[in-house]
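Visitor: output the structure for:
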Amino acid sequence: MSTTKPIEHETITVKEIISKLRENKNRLSTMEAEARIAIDTKEMAQMGSSYIRIEMPYSIEMSIRGPLGIPLVEMKADSGHYSIRDFLRQEFMEGSPDDLNFMGLPFNAGLNEFLELMLGVVTFTDTDIDSLVEYRIDDGKYYFEIIKHGMKTANWVDKDELILTRQVISFLNADYTIEKRFEIIETVNGVKLPRIVHIFSEELGGSISIEYTDRKVNLAIEEVGNEINN
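Guide: Now for the predicted structure:
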């Protein structure tokens with residue numbers, strides 16, 4: 001059962017929470033990782049191991065392998081171009097990332113949002129404070145709601161780690177929600193990141209789950225590759 005209480009006895013403001021979330025994200029420059037991944041969408045249904053390399057702010061290289069290391073999907077994207085090779089369907093797609101719905105998610109996710117989802121970090125802006133409608137404690141976490149651009153965003157932030165652990169987006173003119181869960185917070189080379197990322201929409205159908213098994217952050221790419229392979 002959810003328990004709530006007013007926020008008047010707390011000393012931290014939502015503006016300060018958002019600042020801490022932004023500071024943590026800004027510490028991240030590169031990530032190279034191995035992960036277990038499960039994708040279940042209208043466009044793709046795959047489960048396997050994944051290699052992920054991200055260079056901030058706008059570059060990702062990702063592959064998904066099935067049993068015995070069989071290649072399933074390879075993707076590269078940056079701010080100007082993307083390419084996806086689906087080995088099972090024998091399809092190759094490329095174009096502008098503005099035209100791509102990454103991994104067939106059941107909602108519009110551009111490159112920046114997709115990178116944030118993969119990393120388990122979410123960006124808030126200073127103007128979000130002006131759209132704040134509620135701030136309280138819910139189940140021992142800081143909880144705040146923002147209504148902006150036809151969306152209500154409910155956010156749960158761990159009080160000790162000051163990291164987002166859950167976000168639910170409701171569209172005011174639609175009958176579906178998008179939920180993001182970020183679990184098992186770890187500090188990797190000074191950056192707080194979730195080990196498990198889960199994104200889903202029950203109404204639309206479709207989900208992506210990622211569990212990182214090994215990752216290195218903020219190392220030179222050549223050095224990171226050596227660390228992962230050793």
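Visitor: secondary structure class for the spatially most central residue of the chain?
Guide: Among the residues of the chain, the one closest to the centroid is Leu117, at 1.4 Å (CA atoms, centre = their mean). For Leu117, the assignment made with DSSP: H, G, I helix; E, B strand; the rest coil gives helix.
Visitor: who does the helix or strand harbouring Ile84 touch, helix- and strand-wise?
Guide: Using DSSP states H and E, the element containing Ile84 is strand 82-86. If you count contacts as 3 or more CB pairs under 8 Å, 6 or more residues apart in numbering; DSSP states H and E, strand 82-86 packs onto strand 71-78, strand 91-95. (Each C-beta comes from the backbone N, C-alpha and C, glycine too.)
Visitor: so where's this structure uncertain?
Guide: Judged by pLDDT under 70, the chain has its weakly predicted residues at 1-10, 43, 99-109, 221-230.
Visitor: what about the helices in it?
Guide: 14-26, 111-119, 221-229 (DSSP state H).
Visitor: apart from its neighbours in sequence, what residue is nearest Pro67?
Guide: Closest residue to Pro67 apart from its sequence neighbours, by CB to CB, 6 or more residues apart in numbering: Gly48 at 7.4 Å.
Visitor: quick check: that neighbour touching Leu72?
Guide: Yes - counting by CB atoms under 8 Å, Gly48 does reach Leu72; the two are 5.9 Å apart.
Visitor: anything in contact with each of those two?
Guide: The contact sets of Gly48 and Leu72 overlap at 64-66 (CB atoms under 8 Å, 6 or more residues apart in numbering).
Visitor: buried members of these into ChimeraX, please.
Guide: Written as a ChimeraX command, the selection of buried residues from the shared contacts of Gly48 and Leu72, which uses 16 or more other CB atoms under 10 Å, is:
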select :64,65
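Visitor: of the shared contacts of Gly48 and Leu72, closest to Ile184?
Guide: Relative to Ile184, the closest of those is Ile64; by CB to CB it sits at 21.7 Å.
Visitor: so how far is Glu74 from the closest one?
Guide: As judged by CB to CB, to the nearest Å, Ile64 and Glu74 stand 8 Å apart.
Visitor: likewise Arg22?
Guide: Distance of Arg22 to Glu74, given as CB to CB: 32 Å.
Visitor: likewise for Arg36?
Guide: 17 Å.
Visitor: Leu28 too?
Guide: Counting by CB to CB - Leu28 and Glu74 are separated by 23 Å.
Visitor: Leu204 against Tyr176, yeah?
Guide: Yes - here Leu204 reaches Tyr176: they are 5.2 Å apart, a contact under CB under 8 Å.
Visitor: which of those two has more neighbours?
Guide: It is Leu204, of Leu204 and Tyr176, that has more neighbours when counted by other CB atoms under 10 Å, with 17 against 14.
Visitor: backbone torsions only: list them for that one.
Guide: phi -90, psi -20 (degrees, to the nearest 10).
Visitor: and if you look at Glu202?
Guide: phi -70, psi -40.
Visitor: show me the strands in the protein, by range?
Guide: Along the chain, counting by DSSP state E, strands occupy 4-5, 30-40, 45-55, 59-65, 71-78, 82-86, 91-95, 132-138, 141-148, 151-158, 164-171, 177-188, 191-200, 207-217.
Visitor: of all those, which one is nearest Lys15?
Guide: The nearest among the strands of the chain, by CB to CB, is strand 132-138 at 8.9 Å.
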